[in-house]
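Novice: Predicted structure and sequence below. I'll ask about it afterward.
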Amino acid sequence: MEILNSETAYHCLKNVKIGEGTRIFQFVNAYNCELGNDCKVGAFVEIQKGVPIGNRCKISSHSFLCEGVVIEDDVFIGHSVTFINDRFPRASVAEGKLQTEEDWTLEYTTVKKGASIGSGSTILCGITIGENAIVGAGSVVTKDVAPNTIVIGNPAKKMRDI
Amino acid sequence: MEILNSETAYHCLKNVKIGEGTRIFQFVNAYNCELGNDCKVGAFVEIQKGVPIGNRCKISSHSFLCEGVVIEDDVFIGHSVTFINDRFPRASVAEGKLQTEEDWTLEYTTVKKGASIGSGSTILCGITIGENAIVGAGSVVTKDVAPNTIVIGNPAKKMRDI
Amino acid sequence: MEILNSETAYHCLKNVKIGEGTRIFQFVNAYNCELGNDCKVGAFVEIQKGVPIGNRCKISSHSFLCEGVVIEDDVFIGHSVTFINDRFPRASVAEGKLQTEEDWTLEYTTVKKGASIGSGSTILCGITIGENAIVGAGSVVTKDVAPNTIVIGNPAKKMRDI
């Protein structure tokens, strides 16, 4: 039996603004984004440019927050949650060049105050997840989620009110 | 054409006990856990505190094993498998503070000897996955899986006996 | 408010051949594979040995491309896309040893020119995804996808022609 210890912080953070008490764990890739106070960001998280994250949010490991996502206060993002901002993604344009930012339309998604997104969920774009709503683990959310409701499944459907 | 080589081990391991022959690959975040002999842990895996892992287990890349998960001998955990330990996760408590460990109930999940969890699966909490059972790739497991059965889907249902 | 900056490239690349204009981002684990020109590989991606990737491909963050996967030109792989190459994975063989490469059958999967795989999808093995096809986000693909069609769901079914 052997005991391993190797404690060094490996991040890749570029122009990441954080409020008081916010902690960012190992192996995080984040750039040009802003987090409020008392947030926790887990390992292997990527946060893209322009994403605003409120106060007291938990962004759990392996999650991906793309440009266009807005996270209000007191939001829980589970592990391996994937957001989307491009409804019909393509690698290249017809003329045989890699797509650039001008070749697609960014769609916004907002997670309102107090909502929780269960682990392993995929959240399509152009969606609002209402206040205090819960998205069950492993769901694929394809449309708006009403406040104070629980949705589950692929595609996610309302299970009940909270 | 260019050939890239950059071989350095980047882990973040804190008090990780490993048995003989166990190998941990790049970009692993693990703490206060214990693995038996002859295990393999792939890249981008997170293993939380208190997780016991048996002998001859494969924990594949991008998987997340949270506190409360118990992995017996000869278990295969595929890629991007996500476990859960909190049925109703929230970021904060009503009084406007970030949740602490005292504000939620840990639920345990056990993967019994010889079972295989397919890649991309999400495993809800409070569940036992029986001996030699197989969870098909991309499943969302919401209840116990009987030994020697194959389950698939979201939610996962029995496909057949093995 | 604090602003964090820590810009260092952390890769683990072993014998990775890349064409002109191809960029590999942070925290990538890749070995014995080859990428064409003008590709982008996002953070937290793993690419296993023998995977050929064409020109102008985007391999987005958190995705896993295993041995046996073939990616043609102009392919978009979303975030957290997981491929598979072993239909009945097991950790160990009956005699109580960890499986080796001789104990299982590698199955191939090809993503044809111009196809797009949505984020959060799981792609079973032995599958061909046809030219310009789109796999909707969060899908589990269990069989071939015809060219110029859109499939969605778990298991993925044809939604419509493009």
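Specialist: It's in.

Novice: Lowest average confidence across helices and strands of chain A, where is it?
Specialist: Confidence across the helices and strands of chain A bottoms out at strand A:2-6, with a mean of 56, counting by mean pLDDT, DSSP states H and E.

Novice: Tell me where chain A is predicted with low confidence.
Specialist: A:1-9, A:95 (pLDDT under 70).

Novice: Kindly report the residues of chain A close to chain C.
Specialist: Residues of chain A lying close to chain C (C-beta under 8 Å from any C-beta of the partner chain) are A:10-19, A:24, A:27, A:29, A:44, A:46, A:62, A:64, A:66, A:80, A:82, A:84, A:88-92, A:96-99, A:122, A:124, A:140, A:154-155. All C-beta spots, glycine's among them, are computed from the backbone N, C-alpha and C.

Novice: In helices only, show me those residues.
Specialist: With helices taken from DSSP state H, there is no overlap with the residues of chain A next to chain C.

Novice: Give me the PyMOL select line for those residues, limited to the buried ones.
Specialist: Remark: buried members of those, expressed as a PyMOL selection using 16 or more other C-beta atoms under 10 Å in any protein chain shown:
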select buried, chain A and resi 10+11+12+13+14+16+17+18+19+24+27+29+44+46+62+64+66+80+82+84+89+90+91+92+98+99+122+124+140+154+155
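
Novice: can you narrow the residues of chain A next to chain C to ones near chain B?
Specialist: Residues of those in contact with chain B (C-beta under 8 Å from any C-beta): A:Y10, A:F27, A:F44, A:H62, A:S80, A:N154.

Novice: Please verify my assumption that the last one contacts C:G138.
Specialist: Yes: under the contact definition of C-beta atoms under 8 Å, A:N154 touches C:G138, with a separation of 5.9 Å.

Novice: Overlap in contacts, those two.
Specialist: Taking C-beta atoms under 8 Å, 6 or more residues apart in numbering or on different chains as the contact rule, A:N154 and C:G138 both touch A:V140, C:N154.

Novice: tell me the contacts of the residue sitting nearest the centre point of chain A?
Specialist: With distances taken as C-alpha atoms, centre = their mean, chain A has A:L65 as the residue nearest its mean C-alpha position (3.4 Å). Contacts for A:L65 (C-beta under 8 Å, 6+ apart) come out as A:C33, A:V45, A:E46, A:I47, A:Q48, A:V51, A:I53, A:I59, A:I71, A:I77, A:F83.

Novice: which among these gets closest to B:I129?
Specialist: A:I77 (25.7 Å; C-beta to C-beta).

Novice: So what's the residue count around the closest one?
Specialist: Around A:I77 there are 31 other residues, counting by other C-beta atoms under 10 Å in any protein chain shown.

Novice: Pairing partners for it in the sheet, please.
Specialist: Under DSSP bridges, the beta-bridge partners of A:I77 are A:I59, A:I117.

Novice: list the contacts for it?
Specialist: The neighbours of A:I77, taking C-beta under 8 Å, 6+ apart as the test, are A:C57, A:K58, A:I59, A:S60, A:S63, A:L65, A:I71, A:V111, A:I117.

Novice: Same question for A:T105.
Specialist: A:T105 sits in contact with A:D86, A:R87, where contact means C-beta under 8 Å, 6+ apart.

Novice: do the same with A:V75
Specialist: The neighbourhood of A:V75, defined by C-beta under 8 Å, 6+ apart, consists of A:I53, A:G54, A:C57, A:K58, A:V111, A:K112, A:K113, A:G114, A:A115, A:S116, A:I117, B:A91.

Novice: Could you dump these into TSV with distance to A:N148 added?
Specialist: Shown next, in TSV, are the contacts of A:V75 (distance: C-beta to C-beta, whole Å):
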residue	distance to A:N148
A:I53	22
A:G54	18
A:C57	19
A:K58	20
A:V111	14
A:K112	10
A:K113	12
A:G114	9
A:A115	10
A:S116	12
A:I117	15
B:A91	16
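
Novice: How many residues are close by the nearest residue to A:G126 once chain neighbours are set aside?
Specialist: Residue nearest to A:G126 in three dimensions, not counting chain neighbours: A:E107, with 4.2 Å by C-beta to C-beta, 6 or more residues apart in numbering or on different chains. Counted with other C-beta under 10 Å, the neighbours of A:E107 add up to 14.

Novice: Which residues does stretch A:91-101 contact?
Specialist: Taking C-beta under 8 Å, 6+ apart as the rule, stretch A:91-101 contacts A:R90, A:D103, C:D38, C:K40, C:R56, C:C57, C:K58, C:D74, C:V75, C:F76, C:G114, C:S116.

Novice: with the residues you listed in mind, which one is nearest to chain B?
Specialist: Among these, C:D38 lies closest to chain B (C-beta to the nearest C-beta), at 13.3 Å.

Novice: tell me which element the closest one is part of?
Specialist: Assigned by DSSP states H and E, C:D38 belongs to neither a helix nor a strand.

Novice: My read is that it contacts C:N55, right?
Specialist: Yes: counting by C-beta under 8 Å, C:D38 sits close enough to C:N55 to count as a contact (6.0 Å).

Novice: residues in contact with A:R56?
Specialist: Neighbour list for A:R56: A:G36, A:N37, A:D38, A:C39, A:D73, A:D74, B:A91, B:S92, B:G96, B:K97, B:L98 [criterion: C-beta under 8 Å, 6+ apart].

Novice: Three-state assignment for the fifth one, please.
Specialist: In three-state terms, and counting by DSSP: H, G, I helix; E, B strand; the rest coil, A:D73 is coil.

Novice: looking at it, it is touching A:K112, isn't it?
Specialist: No: at 9.2 Å, A:D73 and A:K112 do not qualify as touching, with contact defined as C-beta under 8 Å.

Novice: leaving aside the residues next to it on the chain, what's closest to A:I71?
Specialist: Spatial nearest neighbour of A:I71, excluding adjacent residues (C-beta to C-beta, 6+ apart): A:I53 at 4.4 Å.

Novice: What is the burial count for the one you found?
Specialist: By other C-beta under 10 Å, neighbour count at A:I53 equals 27.

Novice: I'd guessed it sits against A:N37; true?
Specialist: No: in this structure, A:I53 sits apart from A:N37 without contact. The criterion is C-beta under 8 Å, and the distance is 10.5 Å.

Novice: ok, back up a step: the residue nearest to A:I71 and A:V45, how far apart?
Specialist: 11 Å (C-beta to C-beta, to the nearest Å).

Novice: List the residues that are in contact with both of these two.
Specialist: Any residue near both A:I53 and A:V45 by C-beta under 8 Å, 6+ apart counts here, and that gives A:I59, A:L65.

Novice: quick one: the residue lying closest to A:N154 once chain neighbours are set aside and B:R87, what's the gap?
Specialist: Distances taken as C-beta to C-beta, 6+ apart place A:V140 nearest to A:N154, at 4.1 Å, with adjacent residues excluded. In this structure, A:V140 and B:R87 are separated by 20 Å, where distance is defined by C-beta to C-beta.
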